[in-house]
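> Return a 3D structure for these sequence lines:
(one chain, ligands or ions: 3)
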Amino acid sequence: MDQAKNNNKIFDSMELFKQSKIPKEFIWPQTEQPNSLEQLEAPVIDLTGFFKGDKASTQRAADLIRTACQNHGFFQVTNHGVDVSLAAEALSCMNDFFKLPLSHKLRAQRKPGSMWGYAGAHADRFSSRLPWKETLSFGYQEEDDDTKHIVTDYFISTLGVEFKQMGLVYQKYCEAMQKLSLGIMELLAISLGVEQSYYKDFFRDSKSIMRCNYYPPCQEPDLTLGTGPHCDPTSLTILQQDQVGGLQVFAEDKWQCIPPVRDALVINIGDTFMALSNGRYKSCLHRAVVNRECERRSLAFFLCPREDRVIRPPADIEGPRKYPDFTWSELREFTQRHYRADMKTLQSFSQWLLSTAS
Ligand SMILES: C=C1C[C@]23C[C@@]1(O)CC[C@H]2[C@]1(C)CCC[C@@](C)(C(=O)O)[C@H]1[C@@H]3C(=O)O
Ligand SMILES: O=C(O)CCC(=O)C(=O)O
Ligand SMILES: [Fe+2]
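Ligands and ions are numbered 1, 2, ... in the order given. Reported below is the predicted structural model:
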């Protein structure tokens, strides 16, 4: 794997776009590019009844989730309780950061070993197959006294007090994401026939990751990718995408698209939840493509358990264990230091874990 250690290459997206050809580091192995992709059957689930405690609609939602997660792990939710104007503001104010001159963005540059900060094409980590994107990532955790304003504090301390308003938007957005995540954990438990609060309790005192993905327009979009094929190593991803489109999922042996649905959030389970379901639910390969005409933005909230909590499925999920015990801290370090997340991350991690254990 090209896990380049702390490359010092920096890409300025403003300059990149002026060149007629994209740098070779951004070129990905060519896969078939069918002109029009099928749409993935990612059911759009209205959460109104669930939030009202209506048993019949909760069961219907759980049934739709079970079918989706047994197949590819993706579904969408509407009436999810995230304020529409807050969601729109979180998406729009990304530009207040990504439109800054590179020198200003680099004040937030990701430090080696950290998950937080600004990264341009991950050029600091990889030396080939660079994604055509810039990202800004930061942490969120349930509030206690010294983490009550963890996101706002991050923006002020990293970018300056003029970014306080942006920090407040993402602080509120992360709080809404966390609340929705725990509701979905209840639906996942119901869908698996597990005690309803089992997973919700598992994610108490969680430490999650918020990631802003900014995909500039690209002069050779078919040669590169915004985000390469991967399975999310995390537990649950709540993705807000703008109306541009570009998210694709590899299911039934082909790439299928998830076109934007207004006011819906895309949910997918990650490798850690696949292990928590003992493999009954699938963490699925997905990617993001870019286009020549316009930028694309997405906000991904990655729910993660407390780093040291042992990832183990509940006893009443039948069948022999598919994965060894591990902690999120171990899997995260594996993806950050030894292995670039791809289609086999959890399988490769399990083998690595068992080989280093013996
Ligand atoms: C634990 C993580 C690693 C990545 C961010 C995340 O929080 C969840 C998704 C992972 C990622 C997006 C999967 C594709 C490759 C990656 C390098 C990226 O394109 O950003 C991954 C993230 C990472 O920073 O390693
Ligand atoms: O931007 C997208 O649509 C997908 C991004 C993604 O998969 C990720 O950040 O893990
Ligand atoms: Fe992803």
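
> helices or strands next to the lowest-mean-pLDDT helix or strand in the chain in the packing?
The weakest-scoring helix or strand in the chain, judged by mean pLDDT, DSSP states H and E, is helix 13-16 (a mean of 84). Under the contact definition 3 or more Cβ pairs under 8 Å, 6 or more residues apart in numbering; DSSP states H and E, helix 13-16 sits against no other helix or strand. Heads up, the C-betas are built off the backbone N, CA and C, glycines and all.

> and for stretch 190-209, what are the contacting residues?
Outside of stretch 190-209, the residues within contact range by Cβ atoms under 8 Å, 6 or more residues apart in numbering are 58-59, 62-63, 65-66, 69, 115, 137-142, 174, 177-178, 181-182, 185-186, 188-189, 234-235, 276-277, 280-281, 301-307, 309, 314, 316-317.

> and the chain, which of its residues are near ligand 2?
Counting by Cβ under 6 Å from any ligand atom, the chain comes close to ligand 2 at 211, 213, 227, 232, 239, 241, 246-247, 286, 288, 298, 300.

> same thing but 5 Å
Residues of the chain found near ligand 2 (Cβ under 5 Å from any ligand atom) are 213, 227, 247, 288, 298, 300.

> out of these, who's nearest ligand 1?
residue 227 (4.6 Å; Cβ to the nearest ligand atom).

> how about the closest one, what does it touch?
Residue 227 sits next to 131, 133, 213, 287-288 when contact means Cβ under 8 Å, 6+ apart.

> which one of these has the most neighbours?
Neighbour counts for these (other Cβ atoms under 10 Å) peak at residue 133, which has 27 neighbours.

> thinking that residue is in contact with residue 121, fair?
Yes - using Cβ atoms under 8 Å, residue 133 is in contact with residue 121, at 6.7 Å.

> rounded to a whole number, what's the mean pLDDT of the longest helix belonging to the chain?
When the chain is parsed with DSSP state H, its longest helix is helix 164-192. Across helix 164-192, the average pLDDT comes to 98.

> State the distance from the residue in the stretch 1-150 of the chain that ligand 1 sits nearest to to residue 215.
Nearest to ligand 1, among the residues of the stretch 1-150 of the chain, is residue 131, at 5.1 Å (Cβ to the nearest ligand atom). For residue 131, the distance to residue 215 (Cβ to Cβ, to the nearest Å) stands at 9 Å.

> and what of residue 334?
26 Å.

> what about these two, which has more around it?
A side-by-side neighbour count of residue 334 and residue 215, using other Cβ under 10 Å, places residue 215 first with 28 against 19.

> shouldn't the more buried one be in contact with residue 225?
No - judged on Cβ under 8 Å, residue 215 makes no contact with residue 225 at a distance of 9.6 Å.

> Common neighbours of those two, please.
In contact with both residue 215 and residue 225: 132, 288, 290, using Cβ under 8 Å, 6+ apart.

> just those now: which is nearest residue 159?
Residue 159 has its nearest neighbour among the shared contacts of residue 215 and residue 225 in residue 132, at 23.7 Å by Cβ to Cβ.

> Would you agree the closest one is in contact with residue 17?
No - applying Cβ under 8 Å, one finds residue 132 not in contact with residue 17, separated by 9.9 Å.

> and for the two, which residues touch both?
With Cβ under 8 Å, 6+ apart as the test, residue 132 and residue 17 both reach 216, 218.

> okay, those two: which has more neighbours?
residue 132 (27 against 14).

> quick one: the more buried one from residue 28, how far?
9 Å.

> Flag every residue of the stretch 201-350 of the chain that's near ligand 1.
209, 227, 230, 232-234, 302, 341.
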